[in-house]
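*Asks:* Any chance you could fold what I've pasted below:
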Amino acid sequence: MNIRSFEPRDTEAVIALWQACDLTRPWNNPSLDIQRKCAVKDELFLVCEDEGEITGSVMAGYEGHRGWINYLAVAPHSRKSGMGRQLMREVERRLLALDCPKINLQVRHGNDEVIAFYEAIGFSDDQCISMGKRLIPDN
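*Replies:* Residues are numbered from 1 along each chain as shown. Model (predicted):
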């Protein structure tokens with residue numbers, strides 16, 4: 001298992017991983033999400049490669065105030081292997097190197113397995129409502 005920075009050649013495999021993990025939504029174009037991420041702090045976009053297969057990903061952002069985690073994905077056949085924890089440790093290490101004081105993330109309501117994972121690695125509910133406003137439609 002090798003955690004490394006995303007490379008453009010990983011695009012199709014990463015999108016397939018996100019789809020297998022039910023992370024994509026009709027209103028977000030994953031190709032555009034990748035292009036946008038690669039334009040800003042692309043060193044915070046990681047993949048896990050296992051025997052030539054992309055089996056995990058995490059996309060993080062940092063704007064000087066808070067870090068954000070997006071698209072943490074572990075292939076269904078690789079879950080419970082510690083890969084998600086390793087991806088998070090590496091992205092946290094990279095965020096700390098940028099002096100990032102806190103990480104935020106969003107989990108969809110009802111995704112109890114994922115909430116339990118994040119709680120197990122030290123995250124807690126900030127008792128906030130997540131709000132969004134699309135400025136550029138993806139479709």
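
*Asks:* and the top strand by length along the chain, what does it pack onto?
*Replies:* As assigned by DSSP state E, the longest strand anywhere in the chain is strand 53-62. Counting contacts by 3 or more CB pairs under 8 Å, 6 or more residues apart in numbering; DSSP states H and E, strand 53-62 is packed against helix 11-20, helix 30-38, strand 45-50, strand 67-74, helix 83-97. For glycine as for every other residue, the C-beta is placed from the backbone atoms N, C-alpha and C.

*Asks:* Mind checking those for the one nearest to residue 4?
*Replies:* With CB to CB as the criterion, residue 4 lies closest to strand 45-50 of these, at 6.3 Å.

*Asks:* List the contacts of the closest one.
*Replies:* Contacts of strand 45-50 with the rest of the structure, by CB atoms under 8 Å, 6 or more residues apart in numbering, involve 1-6, 10, 14, 34, 37-38, 54-60, 74, 78, 83, 86-87, 90-91.

*Asks:* partner strands of the longest strand of the chain, parallel or antiparallel?
*Replies:* strand 45-50 (antiparallel), strand 67-74 (antiparallel) (DSSP bridges).

*Asks:* can you pull the contacts of the residue lying closest to residue 18 once chain neighbours are set aside?
*Replies:* With sequence-adjacent residues excluded and distances taken as CB to CB, 6 or more residues apart in numbering, residue 18 is closest to residue 24, at 5.1 Å. Each residue near residue 24 by CB under 8 Å, 6+ apart is listed here: 15, 18, 30.

*Asks:* Could you point out which of the residues you listed is nearest to residue 100?
*Replies:* residue 18 (23.8 Å).
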